[in-house]
Structures are given as C-alpha cells and as structure tokens.
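# here's a sequence, model it:
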Amino acid sequence: MQSHVKAIMKAKGMTIRAMMDATGLANKTILGARRSSDDFERGLAKEDDPTICSCTVGTLSKIAGALGVSAHDLFDDDQVHSELYLK
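Next comes the predicted model:
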C-alpha cells in the first residue's frame, strides 16, 4: 500500500514536529505513517519498521485532520492529485 503522508506533508510545508504537535502522536507513529508497505523491498525500511498499514483508523484520522484531507487520501492512489495537497 502506497503512503502519501510524506508527500502531503511536504506540499503543505508541515514538519514531523508540527505533525506531532497537531496530533499528539509519537515520532515513530508519524514516521510509520509516512512509510509505504513496499519500502522494505526498496531497502528504505527494516522489516520490523511500522508502515501506513500498521496505523489504526484513529491514527489515520488524526493525521488526515491535521493535513486537512480525508484519511482515504493518505493512501489511495486513485484519488491523489497535486491539487489535493494544496487545498
């Protein structure tokens, strides 16, 4: 599953620290949400690192709320367009 959290955060100029402050989530949780499930295959993550697939609905909802998008937009390839990030 492809995560779009990192791209949306970048487009909106949101740092990990700002996301932590906005959501109350831990650094490790946010980093996990920014990772895609195929990051292991590409050597970008270790096998025991969390990914967006390991996030709860509540976590995704908090992140989406802080970014001003729906939770679905965080990982749905069909819905993600650059204009979405800039709303």
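# what's the average pLDDT for stretch 19-33?
For stretch 19-33, mean pLDDT is 93.
# then the lengthiest helix in the chain to PDB, C-alphas only?
Looking across the chain with DSSP state H, the single longest helix is helix 57-67. Extracted in PDB, the C-alpha atoms of helix 57-67 (Å, rounded to 0.1, in the frame of the first residue of the first chain):
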ATOM      1  CA  VAL A  57      -8.100   4.300  11.900                       C
ATOM      2  CA  GLY A  58      -7.800   6.700  14.800                       C
ATOM      3  CA  THR A  59      -4.200   7.500  13.900                       C
ATOM      4  CA  LEU A  60      -5.000   8.000  10.200                       C
ATOM      5  CA  SER A  61      -7.900  10.200  11.200                       C
ATOM      6  CA  LYS A  62      -5.700  12.400  13.400                       C
ATOM      7  CA  ILE A  63      -3.100  12.700  10.600                       C
ATOM      8  CA  ALA A  64      -5.700  13.500   8.000                       C
ATOM      9  CA  GLY A  65      -7.300  16.100  10.200                       C
ATOM     10  CA  ALA A  66      -4.000  17.800  10.700                       C
ATOM     11  CA  LEU A  67      -3.400  17.900   7.000                       C
END
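# what strand or helix carries Lys6?
Lys6 belongs to helix 5-11 when assigned by DSSP states H and E.
# what's the average pLDDT for that helix?
Here the average pLDDT along helix 5-11 is 92.
# beyond it, next helix or strand please.
helix 16-23.
# same for that following helix, what does it pack against?
helix 27-34, helix 57-67 (3 or more Cβ pairs under 8 Å, 6 or more residues apart in numbering; DSSP states H and E). Just so you know, the C-beta spots here come from the backbone N, C-alpha and C atoms, and that holds for glycine as well.
# want to throw those into a markdown table with distance to Ile16 and mean neighbour count?
Putting these into a markdown table (distance: least, Cβ to Cβ, whole Å; neighbours: other Cβ atoms under 10 Å) gives the following:
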| stretch | distance to Ile16 | mean neighbour count |
| --- | --- | --- |
| helix 27-34 | 6 | 19 |
| helix 57-67 | 11 | 18 |
